[in-house]
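Participant: Have a look at this prediction, sequence included:
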Amino acid sequence: MHPSDALVVLLLPFLLVGQLSSVQGTLSPNDKPKSKQQKEVLRGPQDDDVFGLGLVSPEPLAKDILAHHRAYYKDTATRRFNGTTLGYVTPWNSHGYDVAKIFAKKFDIISPVWLQIVKQGDAYAVAGMHDIDAGWVSDVRRKGKVQQQQQLQRTVKVFPRFIFDHFTDRDIKLLLSDAKERTKVNEVLIKCCKDNHFDGLVLEVWSQLAGRIDDKILFNLVLQMAKELQKQQLRLILVIPPYRKDTGILFGEKHMDTLYKHIYAFSLMTYDFSSVQRPGANAPLYFVRQAVETIAPKGCADMEAKRSKILLGLNMYGNDYTPDGGGPITFSQYLDLVKNVKKHLTYDERDVENFFEIKNENGRHIVFYPTLYSINERVKLAQELGVGISIWELGQGLNYFYDLF
């Protein structure tokens, strides 16, 4: 059954649950099997990875998820994916700080979501500096060091993410129309990066302004920032939106042609395909593929160079849809829900995602959340397309997911 059929059932609460309920059910808090599962939970480093344990299945058993999700392969320096890998970390999800250190060798870039560009009178400043954890940055770099050939070392780079915060329309108009204003912003950003020994920055601005202003003005903002950062041996990663039918092409081939030689990488937001208003899969595989091919289609000029700079977005969160709406969930909420599943999760062949439907004391739920299989299929797609990966966000997913990278 396609998940859209189940969603019809969910959103019409007076109908009986259909085919999905035949493979799932509810465990009461006092059920003995649940206690047994809790005792069998594996934690920390293990001798076998998820492939050796046979856990990467299109229809994973709920009991296997509950038993293995806290574990991971002991050799955390092993990398299966050979493209650029970026991981976002946020101050509101503290587990992400630990994940970044444990699996530091699997990442090329860590992007802490700490900082905002704000306006202070006629000047610009960086807000969020209190969240900067210099000790943690040092630990991540130290743990991320990898010895390469001829005694060279590679270590993880740190690119904090910046957004323009509390800018009025007048502030934005001034910034976009005046090169001197942009230089003032760039000087503040450069100082922040230099003072804190960052390698560059991630800029999230395109989604907010694309479609509202002329592309040439956005180009001016991004290109001037990239060039002024480069003069200081700093690099710019640009967050970009995927192609969607409802928004059209906000960032496409022409934008890539103009920017790719000046931008270090492009963090492509290939998630949030569905929402409470439009329930369904988080990031259908066909949608992910289309997003890359819209920007750098097969056979385009410098295709390999362009695609090597695209970081395919992977969500580590899911969605719990209920008759009242529901919303995003992370690993702890997901685990509470998946405990109610007796057998395996349902696999949707079109979207290449897993979901399950349950009814518990809080009502009816249809839950979409990444699985080993769904993530691995997107990693394989990234390899096929010659792109990198950006993970939103570390700490939202399950520990054994990192065996896949």
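Facilitator: Okay, I see it. Numbers count the residues shown, from 1 in each chain.
Participant: Only the buried residues of stretch 335-343, if you could.
Facilitator: Across stretch 335-343, burial judged by 16 or more other CB atoms under 10 Å covers Leu335, Leu337, Val338, Lys339, Asn340, Val341. C-beta here means a position set from N, CA and C on the backbone, and glycine is covered the same way.
Participant: Same question for stretch 137-153.
Facilitator: Going by neighbour count (16+ other CB under 10 Å), the buried part of stretch 137-153 is Val137, Val140, Arg141, Lys143, Gly144.
Participant: same check, this time on stretch 292-310
Facilitator: In stretch 292-310, counting by 16+ other CB under 10 Å, buried: Val292, Thr294, Ile295, Ala296, Lys306, Arg307, Ser308, Lys309, Ile310.
Participant: closest to Asn319 among those?
Facilitator: Set against Asn319, the nearest of the buried residues of stretch 292-310 by CB to CB is Val292 (22.8 Å).
Participant: Spatially nearest residue to that closest one, not counting backbone neighbours?
Facilitator: Of all residues not flanking Val292 in the chain, Leu385 sits nearest, at 5.2 Å (CB to CB, 6 or more residues apart in numbering).
Participant: Tell me how far that neighbour lies from Gly252.
Facilitator: From Leu385 across to Gly252, the span is 16 Å (CB to CB, to the nearest Å).
Participant: ok, those two, which is more surrounded?
Facilitator: The neighbour comparison of Leu385 against Gly252 (other CB atoms under 10 Å) goes to Leu385, with 19 against 16.
Participant: which residues sit in contact with that one?
Facilitator: Leu385 makes contact with Arg289, Val292, Glu293, Arg307, Ile310, Leu312 under the criterion CB atoms under 8 Å, 6 or more residues apart in numbering.
Participant: Which residue is the nearest non-sequential neighbour of the third one?
Facilitator: Think Glu293. Closest residue in space to Glu293, ignoring its immediate chain neighbours: Leu385 at 7.8 Å, by CB to CB, 6+ apart.
Participant: circling back: I'd like the buried residues of stretch 335-343 laid out as CSV, including pLDDT and secondary structure.
Facilitator: Formatted as CSV, the buried residues of stretch 335-343 follow (pLDDT from 0 to 100; DSSP: H, G, I helix; E, B strand; the rest coil):
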residue, pLDDT, secondary structure
Leu335, 98, helix
Leu337, 98, helix
Val338, 98, helix
Lys339, 97, coil
Asn340, 97, coil
Val341, 98, coil
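Participant: how far out from the middle of the chain is stretch 247-254?
Facilitator: Centroid displacement of stretch 247-254 relative to its chain, using CA atoms, centre = their mean, to the nearest Å, is 20 Å.
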